[in-house]
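# just to be clear, the model below is a prediction. Sequence and coordinates:
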Amino acid sequence: MMSMGVKTQPPNTCVLLDTSASMNQRTSSNLSLLDAAKAAIEHMVRRFPNERQHKFLLVTTRNGGTIESGWGDSHATFLQKVKNAIARDLSDLPSALRCCFDLLEKGRGTSDIDGYGQGRQPWLVNEGASVWVVTDGSELCNSNGPISNFVLPRSESACGDMFTEAFRWDQRVWMTILRFPGCGSVSQECTNNLGPAANMADCTAGRAQVVVGMRSLMQAVESLSGRLSTPTVAVRFVSMLDEGGGGGEESKDAARVKPFPANPSSTAIITPRASRPGVESLHAWPIPEPFLLTEVNATVVPRPSVPTLTYKLLPGGETDFPFDQVMAEIYDVETCQVTEFLRAEMRTNPRATLQLFVRGSNTPTVDGVASSQAPLGEACGFLRAVHGGATPTVQLVMLPYNYPKLCEIVEDLRKAKGNPSPTIRQELEAYVRSVPPYYIKPLRVALRRVGVVFPDRNDPPLPLSLKNAIHRLKQLKSESDKTRDTVLIAPPVGSGAPNMSMGVKLDPDQPLAAPLNGSSPAKITAFIPSSPTSPAMPDRLLRARAGLDE
């Protein structure tokens, strides 16, 4: 069992620079938005002069996502590529973001593969990475026309089949939206409109921020630089009531909270809390998987990139556990709607906590697919607010699977004073058989500490057939990582997906980009190839391209 002393890898940041034509619009200081973006990126890189301590990668929206500076490039090469960027492409941020995540995947280790099916282990995360998107927030479009809904394409990486999304739970998306005025000032409506791509930041527990001038842009860079250096993980909290579960009396209490939604859901960052002197943490209680693997599982079951914890309100709070100080894994939770909901509830009910479950955690998969309608599973932890200042700190406390039942059994064993009845032994054996296999080893260690004889159970954490499939996946990733700066970008012709091999020409009767008052952006009417050296380019288009470049 590994501890939190895992060596942390240098953080990686993939900068996604929007090179759509709308980035050419001029500000009141006669500076283009692209020039402002370049200045911000250079300022960020200068804050990390040692490239061994922080790696920067560059992707632009050219051709639906093009790697301009990859893993083998230095900071100097990166900055030169930023300087050479030209805004004459489409604003296909979904495809470009997928390119960023696939590029970051090439630099990851095998922790995602090694830990598959064994619960999500926050204390082992050491490969944190970020995608920093610098854009003007205008309407998205690709070669098929405007994009009404932001849909992140499926990952093409070697580990893409292991997750339902292209990103990972230790990867953040930070978005800086440039809304510089051409004259006058920016309206409040414009600054509050984050654009269609901002939801991607929320999904990864990142943040989208609007800046309206160079001063606020540099301040945003200074603030963001501190968030790029520390590996963190994200979890999603969802109310049991939102999923259709019964809340009983808890739902009535939750509905009384007025300042916030009665059953908020949000994605939040959690960070491990340092152990107190004299209290050793096992670092053993993972976030359960949303499925239970059995011998019939011979293929990898995709799991959500960000684990989802379903909560229900316990007005009376949790009881005092007989071995809480030894067993608990404690994480600090950054402020989100769910933490604010808990703080608001505590004003009228100081003992309130949110008990946590993972849907499907004790339900075998069907046909290799985890069901979203699976039973709720057993309790695996809770959220609590701890007073220690002006604002209570919200903590995520992870405990053994079905910890209320385990605590009852341990209390009965202690009262028996070494001579438990057959009924108590049977309850302990039934409990051990009911937990997911990856809990067996830490449970054996924890119960031995409190003097409990652990019943025999030697189930392997993973079925043998699935182990072989994961081994093949590991080999595939090793081969894929040999070409770290090569990412599949364009889909096959005729697949129905957008063709990313084309540039853009704007309707001359329309403005170059969306005005800052929020009106409609430029309309795309014609397309020309973006590479002037393409052998398939007709002479007529070559002459047209030369005229545009002039």
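Perfect, thanks for sending it. Numbering: from 1, shown residues only.

# residues near the spatially closest residue to Gln53 that is not a sequence neighbour, how many?
Excluding its sequence neighbours, the residue lying closest to Gln53 (C-beta to C-beta, 6 or more residues apart in numbering) is Pro10, at 5.4 Å. For every residue, glycine as well, the C-beta is placed using N, CA and C. When neighbours are counted by other C-beta atoms under 10 Å, Pro10 registers 15.

# what does the pLDDT read for Pro10?
Looking at Pro10, its pLDDT reads 77.

# and it, what does it touch?
Listed by C-beta atoms under 8 Å, 6 or more residues apart in numbering, the contact set of Pro10 reads Arg52, Gln53, His54, Lys55.

# so how far is Val235 from Gly128?
Here Gly128 is placed at a distance of 15 Å from Val235 (C-beta to C-beta, to the nearest Å).

# and for Thr294?
26 Å.

# same check, this time on Asp412
33 Å.

# point out where the stretch 51-200 of the chain drops to low pLDDT.
183-184, 188 (pLDDT under 70).

# would you mind measuring from Gln53 to Leu228?
Between Gln53 and Leu228 the computed distance is 11 Å (C-beta to C-beta).

# so which of those two has more stuff around it?
Shown here are Gln53 and Leu228; by other C-beta under 10 Å, Leu228 has more neighbours (20 against 10).

# what sits against that one?
Pro11, Thr13, His54, Ser130, Trp132, Trp174.

# what secondary structure does Arg172 sit in?
Following DSSP: H, G, I helix; E, B strand; the rest coil, we place Arg172 in the strand state.

# pretty sure it sits against Ala205.
Yes: here Arg172 lies in contact with Ala205, judged by C-beta atoms under 8 Å, at a distance of 6.3 Å.

# so what's in contact with the two at the same time?
Thr232, Ala234, Ile269.

# tell me which strands the helix or strand containing the second one pairs with, and in which orientation.
Spelled out, it's Ala234. Using DSSP states H and E, Ala234 sits within strand 233-239. If you go by DSSP bridges, strand 233-239 pairs up with strand 266-272 (antiparallel), strand 308-314 (parallel).

# tabulate these (JSON lines), appending distance to Asn30 and mean neighbour count.
Listed next are the strands paired with strand 233-239 as JSON lines, based on distance: least, C-beta to C-beta, whole Å; neighbours: other C-beta atoms under 10 Å:
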{"stretch": "strand 266-272", "distance to Asn30": "39", "mean neighbour count": "20"}
{"stretch": "strand 308-314", "distance to Asn30": "48", "mean neighbour count": "23"}
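
# ok, Asp412 and Val235, which is more surrounded?
Val235 (22 against 15).

# just the pLDDT for the more buried one.
On pLDDT, Val235 comes in at 95.

# do the one 5 residues further on as well
In the prediction, the pLDDT value recorded for Met240 is 85.

# tell me the centre residue of this structure?
Thr204 (3.3 Å; C-alpha atoms, centre = their mean).

# quick one: that residue from Ala379, how far?
27 Å.

# and Leu16, by the same measure?
Taken as C-beta to C-beta, the span from Leu16 to Ala379 is 40 Å.

# tell me which of the two has more neighbours.
Applying other C-beta under 10 Å to Leu16 and Ala379 shows that Leu16 carries more neighbours, namely 24 against 20.

# shouldn't the more buried one be within a strand?
Yes: assigned with three-state DSSP, Leu16 falls within a strand.

# list the residues that contact the residue lying closest to it once chain neighbours are set aside.
Spatially, and ignoring its direct neighbours in sequence, Leu16 is nearest to Val133 (4.6 Å; C-beta to C-beta, 6+ apart). Going by C-beta under 8 Å, 6+ apart, Val133 touches Leu16, Asp18, Leu93, Leu97, Val173, Trp174, Met175, Thr176, Ala197, Ala201.

# and the one helix or strand the last one maps to, what does it pack onto?
Looking back up the chat, that one is Ala201. Secondary structure from DSSP H and E places Ala201 in helix 198-203. When contacts are defined as 3 or more C-beta pairs under 8 Å, 6 or more residues apart in numbering; DSSP states H and E, helix 198-203 sits against strand 171-178, strand 207-211.

# in it, which residues are buried?
Ala198, Met200, Ala201, Asp202, Cys203 (16 or more other C-beta atoms under 10 Å).

# and it, C-alpha only, in CSV?
What follows is helix 198-203, C-alpha atoms only, in CSV (Å, rounded to 0.1, in the frame of the first residue of the first chain):
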residue,chain,number,x,y,z
ALA,A,198,-17.0,27.9,-20.1
ASN,A,199,-18.9,24.8,-19.1
MET,A,200,-15.8,22.8,-19.8
ALA,A,201,-14.0,24.6,-17.0
ASP,A,202,-16.8,23.8,-14.6
CYS,A,203,-16.7,20.1,-15.5
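
# what separates it from the chain centre, distance-wise?
9 Å (C-alpha atoms, centre = their mean, to the nearest Å).

# cool, and stretch 15-29?
On C-alpha atoms, centre = their mean, the centre of stretch 15-29 falls 27 Å from that of its chain.

# how far does it stretch from start to finish?
This stretch, stretch 15-29, spans 25 Å end to end (C-alpha to C-alpha, to the nearest Å).

# one more: stretch 339-359?
21 Å.

# off-centre distance for that stretch?
On C-alpha atoms, centre = their mean, the centre of stretch 339-359 falls 24 Å from the chain's centre.

# show me what counts as buried in that stretch.
339-346, 349, 352-359.

# shaky segments in the stretch 251-400 of the chain?
Using pLDDT under 70, the stretch 251-400 of the chain drops low at 251-262, 274-283, 317-326, 365-374.

# could you redo the last one with a cut-off of 50?
Residues of the stretch 251-400 of the chain meeting the criterion pLDDT under 50: 251-260, 277, 279.

# now do the spatially closest residue to Ser305 that is not a sequence neighbour: how many residues are near it, please.
Nearest non-adjacent residue to Ser305, counting by C-beta to C-beta, 6+ apart: Glu165, 4.2 Å away. Glu165: 19 surrounding residues under other C-beta under 10 Å.

# same question for Val15.
Val15 is flanked by 25 other residues according to other C-beta under 10 Å.

# ok, now Ser229?
With other C-beta under 10 Å as criterion, Ser229 counts 16.

# tell me the secondary structure at it.
Quick answer, by three-state DSSP: Ser229 is coil.

# for Ser157, see how far away it is.
Distance from Ser229 to Ser157, by C-beta to C-beta: 24 Å.

# then Glu378?
Glu378 is 33 Å from Ser157, where distance means C-beta to C-beta.

# repeat for Thr176
Remark: distance between Thr176 and Ser157 (C-beta to C-beta) = 26 Å.

# follow-up on the earlier one: nearest to Trp285, of the helices and strands packed on helix 198-203?
When the helices and strands packed on helix 198-203 are compared by C-beta to C-beta, strand 171-178 sits nearest Trp285, at 23.4 Å.
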